[in-house]
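Asks: From the sequence below, what's the structure:
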Amino acid sequence: MSEIKPYEDEEGKKKQVAKMFDNIAWKYDFLNRFLSLGIDRRWRKRAIRLLAKDRPSEVIDVATGTGDVAIEIAKQLPDAKVTGVDIANKMLEIGRKKLLKRELDDRVALLYGDSEALEAADNTYDAATVAFGVRNFENLEKGLDEIYRVLKPGGKVVILEFSKPRMFPLKQGFNLYFRYILPFIGRITSKDPKAYKYLYESVQVFPDYERFEHVLQKCGFKNTNYKSLTAGICCIYEGEK
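Replies: As a prediction, this is how the structure comes out:
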């Protein structure tokens, strides 16, 4: 996967991604709802439902952002303890306020953490989730290796990520929207013109569909599969340790 970074400077991708999300943190949730027409909520709910039958008691949400997935896990799995980790402190601050408002701070912890160097022992978690975060890993396989390491044997990973539609005319409409319209709206609302340009570029180089399933297998995951959502705009990927 070619390395795409948000900004044109010498800092590594990890530092740039943290800076980008801190810059747009105050508008992140609003823009997600607005730019996806609310579909992102349905995607998250569907992804977490894949964990429901396993009833995991310890779950880690990697690249948790403002905690939407961690909160959804707590809603659907009321007996689970959830740990969310992210490298963007301002995103985490917003997430913690959401937890307090929903009275979930006793069951969900949002912590600063590097996806490629998780501060957890081997075989700690029953399940792991990542929503729209694996594209932002500086080293994709290293991040997936870390998730594999902290999962218990038999533990499941569920990953939600953008993909490129394959069908005409959605493929062309998707490219038009993500390349021109979304960055324009993001620029005038978030005040960071690079952030939503990066979104388009990072989706273009991400190894989606079967290619990402193969990356999961390379990192040791078995029983992998993916489900295409909303005509290929997004995919849910699953794997087991």
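Asks: contacts, neighbours, all on C-alpha from now
Replies: OK.
Asks: What is the subsequent helix or strand relative to the lowest-mean-pLDDT helix or strand in the chain?
Replies: Lowest on mean pLDDT, DSSP states H and E among the helices and strands of the chain sits helix 182-190, with a mean of 70. Counting by DSSP states H and E, the next helix or strand C-terminal to helix 182-190 is helix 193-205.
Asks: Grab the nearest non-local neighbour of residue 94.
Replies: residue 66 (5.7 Å; Cα to Cα, 6 or more residues apart in numbering).
Asks: Can you classify the one you found as helix, strand or coil?
Replies: Following DSSP: H, G, I helix; E, B strand; the rest coil, residue 66 is assigned to coil.
Asks: how about it, what does it touch?
Replies: Contact analysis of residue 66 by Cα atoms under 8 Å, 6 or more residues apart in numbering lists 29, 91, 92, 93, 94, 95, 96.
Asks: List the buried residues of the longest helix along the chain.
Replies: Counting by DSSP state H, the longest helix found in the chain is helix 13-35. Using 16 or more other Cα atoms under 10 Å as the test for burial, helix 13-35 gives 13-14, 16-25, 28, 31, 35.
Asks: Quick check: what element follows it along the chain?
Replies: In N-to-C order, the element after helix 13-35 by DSSP H and E is helix 39-52.
Asks: what comes up buried for the longest strand along the chain?
Replies: In the chain, assigned by DSSP state E, the strand with the most residues is strand 151-162. Using 16+ other Cα under 10 Å as the test for burial, strand 151-162 gives 151, 152, 155, 156, 157, 158, 159, 160, 161, 162.
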